Every structure is written in C-alpha cells, then in structure tokens.
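A.B. asks: how would this look folded up:
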Amino acid sequence: MITFYLVRHGEAENNVNHIGNALPEKQKMHLTKTGILQVTATAEFLATKEVDVIIASPLTRTRETAGIISEKIGEEVLIDDRLHETGMGMYNGEPIEKFFSKYPDMRARITTDSADGVESFIDMRGRLTQFLSDVKKIYTDKKVILVSHGDVLDQLYGMLTEESIGQTLDDTYYPEKGSYKEVIIA
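C.D. replies: Next up is the predicted model:
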C-alpha cells in the first residue's frame, strides 16, 4: 500500500501572466504571494500526515512549492524530471493563448501534432508509467508527496485510479493551484 498526496504548485507568475512555462525553462517563474499562501495552507495539513518523502518536478514553481512543504514536515525534496510540466514544444515561453488556440479542448491533446513538439497525453502517460513503477518499488507502505502540475497530476490521478485517458478527461478532478489530493493504492 502507498498513500500519495498529489500536490499542485501554488499560483505562479506564469499563471498570472498567461505564459506557457515548461522544460526547458526559458524564464524562471516563481510563486506569487497568493501561491505561497495556498501552499502554506496545504503544507500545514500535510505536516499532520507523517509523510516519508517529497518528490517534485524540476521547474521553479514546483521546487518552491516543495520547499515550503519540506520546511513544514522536515523531509528532503527529491527532484524527478518525469514530473515536469506538459512539454509545450514551440509554445514554451509564449502566451498560453497561442497553445490553447491550437489545442482548445483537452481531448485534442490525447495525440498532438508532432510538428509543434507538444507532448501528448499518451506520451505523458509513458513517462509517468515508468515513474510510478519506480516509486512503487521503492516506497511500498510509505506516504509520498508528489509536487507537480495540473495536467500531470490529472493524468497521475487517472493512472492511480485505473482510468483511461478519456475517463480521466471526463472526471471532475482537476487540481486547483496549491491543492492536494490523497490517493491510496494497494
């Protein structure tokens, strides 16, 4: 059994400024004051859960989120590149409206146009499948915080609850900034 706490980073500068921000990070996008408050509230809750490990995406906003949680619970943060934001290809660092004009519906991202370099949900699940396999081997009977991004956590939740990509997109769960979701798997 593993208890996962899926934590989305708090509000960040890229959210406020409507900028796509993925790897490679063209500009570091920090948490806003609102984002820090969101994460602080989540960290206070997680401090009561006797967590064993925090694993975070490498982007600045998730590192900062994980750092706030780490200070509250006293666990070191491990960085895993496989938790990174959706690969945005040619839209990385651009106004997010450009990305959404090409992909206005989440279903359009199950498979994507290879010409623009955007990561599909199928490809995302590929990297997350190996990540979850590794975590399950190492952290059996542990409590694990995963700090990542909305789309990634949405797909991770679907994988942990054994939903297909389509079912996950139909599900009502999509993480709010700074929020957490507990998922226990056997």
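A.B. asks: distance check, the closest residue to Asp154 other than its chain neighbours against Leu156.
C.D. replies: Leaving aside its chain neighbours, Asp154 sits nearest to Tyr174 (5.3 Å; criterion: C-beta to C-beta, 6 or more residues apart in numbering). All C-beta spots, glycine's among them, are computed from the backbone N, C-alpha and C. Note on Tyr174: its distance to Leu156, by C-beta to C-beta, to the nearest Å, is 12 Å.
A.B. asks: looking at the two, which is more packed in?
C.D. replies: Leu156 (24 against 15; other C-beta atoms under 10 Å).
A.B. asks: who's in contact with the spatially closest residue to His149 that is not a sequence neighbour?
C.D. replies: Nearest residue to His149, sequence neighbours excluded (C-beta to C-beta, 6+ apart): Glu85, at 4.4 Å. Going by C-beta atoms under 8 Å, 6 or more residues apart in numbering, Glu85 touches 21-23, 57, 59, 148-149, 151-152.
A.B. asks: can I get those in JSON lines including secondary structure, distance to Glu94 and pLDDT?
C.D. replies: Formatted as JSON lines, these follow (DSSP: H, G, I helix; E, B strand; the rest coil; distance: C-beta to C-beta, whole Å; pLDDT from 0 to 100):
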{"residue": "Asn21", "secondary structure": "coil", "distance to Glu94": "10", "pLDDT": "97"}
{"residue": "Ala22", "secondary structure": "coil", "distance to Glu94": "11", "pLDDT": "97"}
{"residue": "Leu23", "secondary structure": "coil", "distance to Glu94": "15", "pLDDT": "96"}
{"residue": "Ser57", "secondary structure": "coil", "distance to Glu94": "20", "pLDDT": "98"}
{"residue": "Leu59", "secondary structure": "coil", "distance to Glu94": "16", "pLDDT": "98"}
{"residue": "Ser148", "secondary structure": "strand", "distance to Glu94": "21", "pLDDT": "98"}
{"residue": "His149", "secondary structure": "coil", "distance to Glu94": "17", "pLDDT": "98"}
{"residue": "Asp151", "secondary structure": "helix", "distance to Glu94": "17", "pLDDT": "96"}
{"residue": "Val152", "secondary structure": "helix", "distance to Glu94": "20", "pLDDT": "98"}
